[in-house]
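Q: have a look; sequence and predicted model below, questions after that.
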Amino acid sequence: MSDMSSGRPGQRVRLEDVAKLAGVSMKTVSNVVHDYPHVSVKMRERVQAAIDQLGYRPNLTARRLATGRTGMLALAIPEIDQPYFAELARRIGEEAVRRGYRVIVEQTLNDADAERAVIRDREEGLVDGVIFQPAYMDTMEIARLRPGTPLVLLGEAGRPLTADHVMIDNVAAAREAVELLLGQGRTRIAFFGMVHGDPTESTHLRLLGYQEALLAAGVRTGPELVIETDGFAIDDGVAALSAALDAGVRFDALVCRDDLFAMAALKVLDRAGLRVPGDVSVLGWDDTALARYSTPALSSISPGKEAIARMALELLEDRMAGYDGVGRHRIAPHVIIERETTGHPT
């Protein structure tokens with residue numbers, strides 16, 4: 001099997017074509033393509049110039065046979081059109097490119113069988129490693145289905161002892177959010193929202209931090225201040241928050257599960273004639289483009305997406321290089337970005 005790829009339309013560029021143009025042996029071209037370290041800088045530049053000129057691209061199957069590597073990684077996330085996951089996928093893709101990899105993005109659509117397929121090596125032989133954010137699979141199920149392909153987990157779901165894992169401290173972030181709002185004079189802070197049937201652990205951890213901060217400050221809380229929704233979409237948030245206001249629920253601040261719910265809150269509060277932040281402070285979560293470009297600009301808890309990407313790739317490269325030890329747990333940083341939707345009451 002020869003390393004071939006398409007160059008100009010209708011023409012196949014071969015490894016021997018690159019060798020002829022560069023005036024070197026096919027073995028030297030192969031060494032450059034497979035990034036063998038003993039090739040001199042001058043020779044590598046010479047061969048790379050020929051590769052670029054001809055538009056040569058190595059065949060992945062041939063590369064795998066020669067090196068045991070494809071240069072490809074898989075990223076499995078619940079929903080690619082959810083703003084947080086879209087931005088995280090971009091950060092991981094950028095970090096992967098810096099390290100010499102390409103990334104295949106797969107969405108599991110919050111389907112348990114699709115998640116199990118990721119763990120059961122659906123990508124085995126196609127990729128060198130997998131970065132995976134499960135929603136449904138718990139710790140023990142992932143542990144029992146330990147894959148042969150190197151794996152790093154993201155998020156708050158399963159955390160088996162055999163797998164590496166990267167997340168932020170959701171409890172601490174929610175606690176800091178409530179403390180910020182209390183420090184600005186807010187006394188009746190609601191959590192928006194608790195999604196019916198939510199399989200993820202992140203909402204529960206954020207609700208825990210919210211409650212911890214209120215209790216520590218001696219501030220009354222109650223179930224009416226935890227606003228439930230039927231789904232994750234903005235329309236679900238609009239319906240739920242509108243119903244809460246119609247039922248007489250009153251609050252002077254909202255800690256939102258994510259920026260989508262914060263967008264829903266801004267719409268509902270404006271419709272109700274409540275000023276933000278004069279009457280109600282609104283704090284989002286994820287610091288997506290929605291927060292930066294909303295009107296008013298949304299204050300939001302910002303998870304370190306770049307740090308998550310960097311940590312995940314570092315751990316995955318260790319696994320790909322042969323590390324087979326106990327799983328390592330990394331906590332990425334977070335900050336609260338204050339913009340226009342939080343502040344003292346007026």
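A: That came through fine.

Q: residue boundaries of the strands in this protein?
A: Applying DSSP state E to the chain gives strands spanning 4-6, 12-14, 72-77, 102-107, 129-132, 151-154, 164-168, 189-195, 226-229, 253-256, 281-285, 299-303, 329-332, 334-337.

Q: can you give me the helices for the chain?
A: 15-22, 26-33, 41-54, 60-67, 83-98, 112-119, 139-144, 170-183, 202-216, 234-246, 259-271, 289-293, 305-320 (DSSP state H).

Q: mean confidence score for the fourth one?
A: Same thing as helix 60-67. In this model, helix 60-67 has an average pLDDT of 56.

Q: G231: neighbour count?
A: Using other CB atoms under 10 Å, G231 has 15 neighbouring residues. Bear in mind the C-beta positions are built from the backbone N, C-alpha and C, glycine included.

Q: lowest-confidence helix or strand of the protein?
A: Least confident helix or strand, the chain: strand 4-6 with a mean of 40, by mean pLDDT, DSSP states H and E.

Q: returning to that earlier point: save the strands of the chain as CSV, and put in distance to S25 and mean neighbour count too.
A: Compiled in CSV, the strands of the chain are given as follows (distance: least, CB to CB, whole Å; neighbours: other CB atoms under 10 Å):
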stretch, distance to S25, mean neighbour count
strand 4-6, 18, 15
strand 12-14, 14, 17
strand 72-77, 27, 23
strand 102-107, 27, 16
strand 129-132, 32, 26
strand 151-154, 38, 26
strand 164-168, 40, 24
strand 189-195, 61, 23
strand 226-229, 65, 20
strand 253-256, 62, 29
strand 281-285, 57, 28
strand 299-303, 49, 25
strand 329-332, 44, 16
strand 334-337, 52, 17
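
Q: these into a markdown table, with extra columns for distance to N31?
A: Output for these, formatted as a markdown table (distance: least, CB to CB, whole Å):
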| stretch | distance to N31 |
| --- | --- |
| strand 4-6 | 18 |
| strand 12-14 | 16 |
| strand 72-77 | 20 |
| strand 102-107 | 21 |
| strand 129-132 | 23 |
| strand 151-154 | 30 |
| strand 164-168 | 31 |
| strand 189-195 | 53 |
| strand 226-229 | 57 |
| strand 253-256 | 54 |
| strand 281-285 | 48 |
| strand 299-303 | 41 |
| strand 329-332 | 35 |
| strand 334-337 | 44 |
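
Q: show me where pLDDT drops low in the stretch 1-150 of the chain?
A: Along the stretch 1-150 of the chain, segments meeting pLDDT under 70 span 1-11, 34-35, 58-68, 121-125.

Q: re earlier: right, so of the strands of the chain, which gets closest to G343?
A: strand 281-285 (6.5 Å; CB to CB).

Q: sheet partners, orientation included, of the closest one?
A: Applying DSSP bridges, strand 281-285 is found paired with strand 253-256 (parallel), strand 299-303 (parallel).
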